[in-house]
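*Asks:* fold the stuff below for me.
(one chain, ligands or ions: 1)
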Amino acid sequence: MANLELKAMAIDVPGRAQGDTLSFCMEAGQIWGVLGPNGAGKTTFLQTLAGLRAPRAGHIHLNQRPLHTYKRRAIAQQLGLVFQERHDDFPATVMETALMGRHPFLSPWQMESADDIELTLEALVALDIDHLADRLVSTLSGGERQRVSIATLMTQNPAIWLADEPTNHLDLHHQVATLELMAQQAAQGKTLVMCLHDLNLAARWCTHILLLYPNGQACWGDVASMLQPSALETLFNQRLQTAWIDGKPFFIPAR
Ligand SMILES: Nc1ncnc2c1ncn2[C@@H]1O[C@H](COP(=O)(O)OP(=O)(O)OP(=O)(O)O)[C@@H](O)[C@H]1O
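*Replies:* Next up, the predicted model:
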């Protein structure tokens, strides 16, 4: 179990004045959805949480210790990231790619163990890509590649999952299956943070929401209090109609 705590942390969005500072803790078992229009800073926020970019102000603590005091390998043993853009620069199969999730736990030149291979095969089955194990990733469809990325994160098995639009390219069934898998991870004590553009998926799977506005304003809280139609209309500059199904809101963009 792990937590990430933001202490008066400001996201360093290039070319933008400093916005609101963020102060909250993302705990084991929680699923945080990061919502906001294009360019609001969602990816920059995830990269900052991963220690890949410095915050403009304030601090991030991973398990009560400043994130910047950890070595990169120690961070990778606790925190994993699915990027929005991937560059498959060298030829690797689906199995080889997913197996890379174990690298933070291996010493240089150490071979993967039978347990590592077993964990990887389980991830391929969970993401419904085990039949593609020997295929080159460069030959896969967009949705298949997305599932390889999530399988690699599952193989890494970090306590904190950061996912930038994990449902990108996925068909309806695989969107639901992937978010169910993430919910299972949260139920096992993982902390999940994901950027989403689909408000209805956020309403169903997230426990907490961070809203990022293009001018740097931000607000956060539990899902029920944050997914208010008027706040979302302002956030996205888009009128919405709201329907209620099984006690949860459905947001439909109005023409
Ligand atoms: N390296 C960079 N140099 C200049 N500007 C950058 C750089 N990285 C990000 N930005 C700008 O910072 C802003 C925030 O980018 P970011 O990718 O975090 O937005 P986002 O909310 O994830 O957007 P989207 O919904 O389109 O994925 C954007 O205006 C982007 O153009």
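*Asks:* SS state for the one residue sitting closest to the centre of the chain?
*Replies:* Centrality entry for the chain: nearest residue to the mean C-alpha point is residue 163, 1.7 Å, by C-alpha atoms, centre = their mean. Three-state call for residue 163 (DSSP: H, G, I helix; E, B strand; the rest coil): strand.
*Asks:* all strands for this protein, in order.
*Replies:* Under the criterion DSSP state E, strands of the chain are mapped to 4-10, 22-26, 31-35, 57-62, 65-66, 79-82, 160-164, 191-195, 208-212, 218-222, 240-245, 248-253.
*Asks:* ok, back up a step: next up, the contacts around the residue nearest to the centre of the chain.
*Replies:* Counting by C-beta atoms under 8 Å, 6 or more residues apart in numbering, residue 163 touches 46, 81-82, 150, 153, 182, 192-195. From N, CA and C alone the C-beta is placed, and that goes for glycine too.
*Asks:* about what we covered before: out of the strands of the chain, which comes closest to residue 41?
*Replies:* Nearest to residue 41 among those is strand 208-212; the distance by C-beta to C-beta comes to 5.3 Å.
*Asks:* what mean pLDDT does that closest one get?
*Replies:* For strand 208-212, mean pLDDT is 98.
*Asks:* could you find the closest non-adjacent residue to residue 1?
*Replies:* Nearest residue to residue 1, sequence neighbours excluded (C-beta to C-beta, 6 or more residues apart in numbering): residue 28, at 4.0 Å.
*Asks:* any idea how far residue 246 lies from residue 224?
*Replies:* 14 Å (C-beta to C-beta, to the nearest Å).
*Asks:* in the protein, what spans have low per-residue confidence?
*Replies:* Within the chain, the segments meeting pLDDT under 70 span 86-89.
*Asks:* around the ligand, pick out the residues from it.
*Replies:* 13-15, 36, 38-44 (C-beta under 6 Å from any ligand atom).
*Asks:* check contacts around residue 79.
*Replies:* For residue 79, the contact set (C-beta under 8 Å, 6+ apart) comprises 2, 4, 49-51, 62, 158-160, 162.
*Asks:* returning to what we had before: can you put the contacts of residue 163 in a markdown table and add neighbour count?
*Replies:* Conversion of the contacts of residue 163 to a markdown table gives the following (neighbours: other C-beta atoms under 10 Å):
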| residue | neighbour count |
| --- | --- |
| 46 | 24 |
| 81 | 22 |
| 82 | 20 |
| 150 | 25 |
| 153 | 23 |
| 182 | 23 |
| 192 | 25 |
| 193 | 25 |
| 194 | 25 |
| 195 | 26 |
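*Asks:* reformat those residues as a markdown table; add distance to residue 72.
*Replies:* Below are the contacts of residue 163 laid out as a markdown table (distance: C-beta to C-beta, whole Å):
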| residue | distance to residue 72 |
| --- | --- |
| 46 | 16 |
| 81 | 12 |
| 82 | 18 |
| 150 | 22 |
| 153 | 17 |
| 182 | 24 |
| 192 | 21 |
| 193 | 19 |
| 194 | 22 |
| 195 | 22 |
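*Asks:* neighbour count for residue 246 and residue 224, which is higher?
*Replies:* residue 224 (13 against 6; other C-beta atoms under 10 Å).
*Asks:* so how far is residue 60 from the more buried one?
*Replies:* For residue 224 relative to residue 60 (C-beta to C-beta), the value is 26 Å.
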